[in-house]
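**Q** Give me the fold of what follows.
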Amino acid sequence: MHGLLARGAQQLEELFPGLQGELLEAGAPLFDHAELASTTVWAGTVPRSRSGVQAHAFSRGLLESTIRRRVTALPQVRIRAGSTAEGLLWDAGRSRVEGVVLQGDAETLPADLVVDASGRFSALPDWLEAAGYPRPRTTVVDAGLAYATRILEAPAQDYLGLQQMNSAPHRPRGTFVAGVEQGRWIVTLFGAGGDHPPTRPDAWVDFARSLGNADLDKLISSSTDASGVRQFTRTENRRTEYAAMSRWPDRLVAVGDSVCAFNPVFGQGMTVAVLETAALGQALTRRRSGELTGLAREFQRQAQRILRLPWLMSTSEDLVWHHHRENQGKLPLLLRVANWYKQRLVYLVVHDPQVFHTFLRVYHMLTPPTAMGAPRMLAKVLFRARSAAPVPGPGAA
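**A** This next block holds a predicted model:
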């Protein structure tokens, strides 16, 4: 699964002018999310309309190879292929990082600034602890979700994207589908609360059929497999509280999933990473004199501010699954109220185009989440919406 929200795409275009055009030229479709995506929620399928929110579908390989080609063409960039960072190089007082240790102490690589972008399974907390720093606090919210993806070759459909959202706690299953370059389709099935999609191809198809989505069934029945099934199970939201540490070394920053890894279903990870990277670039530009003292701690606090709202959006749904699994469905009062509000809001997404367009702008991080609780929206939720009823069966749509 590899999703880039509209705000992330805008920021990437600023960092790499012309990137969107390159992706389009390579066959990656750009389309209005409300007009050419089929969206299904518990209350039904959302009527198509024009929203102005652009979605860009592409394979991970296309995006990463295009950016890599741009970066490696820069004269000041050198790639060390096959090198593994196995520790940090410290000054005598261990208050400043001066580089990294490569390949089991065989070599050190000096650096003015070390950036940890090693992802969800970063070893940075261990390295900090080994250097005498307190281990950073970690917050985990686990919905018990896993996804399984196939690449299919299939004829053109009347949509370029398809999504069916799950809904805590009674509708664990869902799907994301994207038509990408070369006429291929990336089809991801997911299930929360431990209801995971299987990896055996025939069982994977049965799981897809359990969603009761006619568009998805038609796509799969007309397709041929191009990849086999690939499953990923480590989808917990994990935030490492670097900004809250009492001490933080100079010349070391962490970005992206190394700081905060999101449930991939919501597609926020890449966008947050791009926003943090842009913020780091701006912080460095402001210090053109080369003085980096204090920059690292300042940046980690800024990164914390950037990810605060995306974290809230991602974990608000997953906390319901988390409590449903850990506490036999007993939810705290505040969480019950929030979930009640959200389910009624989802009903309006199907029945009110304006609500859906606002929802899309929030989803793509173009509008703050507070828009979903504005007075006019609140009135609609209270007086025009309906709540979801429990549905029997693990894959009930």
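**Q** make it CA atoms for all contacts and neighbour counts henceforth
**A** Will do.
**Q** just the helices in the stretch 51-200 of the chain please.
**A** Shown for the stretch 51-200 of the chain, the helices assigned by DSSP state H, counting those that start in this stretch span residues 60-72, 124-130.
**Q** would CSV of those with mean pLDDT and mean neighbour count be doable?
**A** What follows is the helices of the stretch 51-200 of the chain, written out as CSV (pLDDT from 0 to 100; neighbours: other CA atoms under 10 Å):
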stretch, mean pLDDT, mean neighbour count
helix 60-72, 96, 13
helix 124-130, 97, 15
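**Q** Of those helices, which is nearest Glu25?
**A** helix 60-72 (11.3 Å; CA to CA).
**Q** Need the residues that contact the closest one.
**A** His2, Phe16, Leu19, Glu22, Leu23, Val77, Arg78, Ile79 (CA atoms under 8 Å, 6 or more residues apart in numbering).
**Q** number of nearby residues for Asn327?
**A** 10 (other CA atoms under 10 Å).
**Q** now Trp42
**A** Trp42 has 20 nearby residues by other CA under 10 Å.
**Q** got the contact list for it?
**A** Met165, Asn166, Ser167, Arg171, Val346, Tyr347, Ala388, Ala397.
**Q** again, but for Val77
**A** Residues in contact with Val77 (CA under 8 Å, 6+ apart) are Val71.
**Q** returning to that earlier point: which PyMOL command selects the buried ones in the contacts of Trp42?
**A** A single PyMOL command is used to select the members of those judged buried by 16 or more other CA atoms under 10 Å:
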select buried, resi 165+166+167+171+346+347+397
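**Q** With distance to Ala226 and pLDDT added, can I get the contacts of Trp42 in TSV?
**A** Formatted as TSV, the contacts of Trp42 follow (distance: CA to CA, whole Å; pLDDT from 0 to 100):
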residue	distance to Ala226	pLDDT
Met165	25	95
Asn166	26	93
Ser167	30	90
Arg171	29	92
Val346	34	94
Tyr347	36	96
Ala388	37	79
Ala397	27	46
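**Q** And the residue sitting furthest away from the middle of the chain, how far from Glu98?
**A** Seen from the C-alpha centroid of the chain, the residue lying at the greatest distance (CA atoms, centre = their mean) is Ala92, 38.8 Å away. To Glu98, Ala92 is 10 Å away according to CA to CA, to the nearest Å.
**Q** now swap in Asp206 and tell me
**A** Using CA to CA, Asp206 is found at 54 Å from Glu98.
**Q** Now do the same contact list for Pro136.
**A** Contact analysis of Pro136 by CA under 8 Å, 6+ apart lists Pro125, Thr240, Glu241, Tyr242, Ala244, Met245.
**Q** thought the second one was touching Val259?
**A** Yes: with contacts defined as CA atoms under 8 Å, Thr240 counts as touching Val259 at a distance of 5.3 Å.
**Q** mind listing the helices for the stretch 201-350 of the chain?
**A** Counting by DSSP H, counting those that start in this stretch, the helices of the stretch 201-350 of the chain are 201-209, 214-221, 269-285, 295-326, 333-351.
**Q** For the fourth one, name the packing helices and strands.
**A** If I follow you right, that is helix 295-326. Helix 295-326 sits against strand 138-141, strand 252-254, helix 269-285, helix 333-351, with contacts defined as 3 or more CA pairs under 8 Å, 6 or more residues apart in numbering; DSSP states H and E.
**Q** Please identify the most buried of those.
**A** strand 252-254 (a mean of 23; mean count of other CA atoms under 10 Å).
**Q** any residues touching it, and which ones?
**A** So strand 252-254 is contacted by Arg96, Val97, Leu113, Val114, Val115, Asp116, Ala117, Ala296, Arg297, Phe299, Gln300 (CA under 8 Å, 6+ apart).
**Q** rewinding a little: what's the closest of the contacts of Pro136 to Arg287?
**A** Distance to Arg287 across the contacts of Pro136 (CA to CA) is lowest for Tyr242, with 22.1 Å.
**Q** That closest one - how many residues pack around it?
**A** Around Tyr242 there are 22 other residues, counting by other CA under 10 Å.
**Q** Repeat that for Phe190.
**A** Using other CA under 10 Å, Phe190 is surrounded by 27 other residues.
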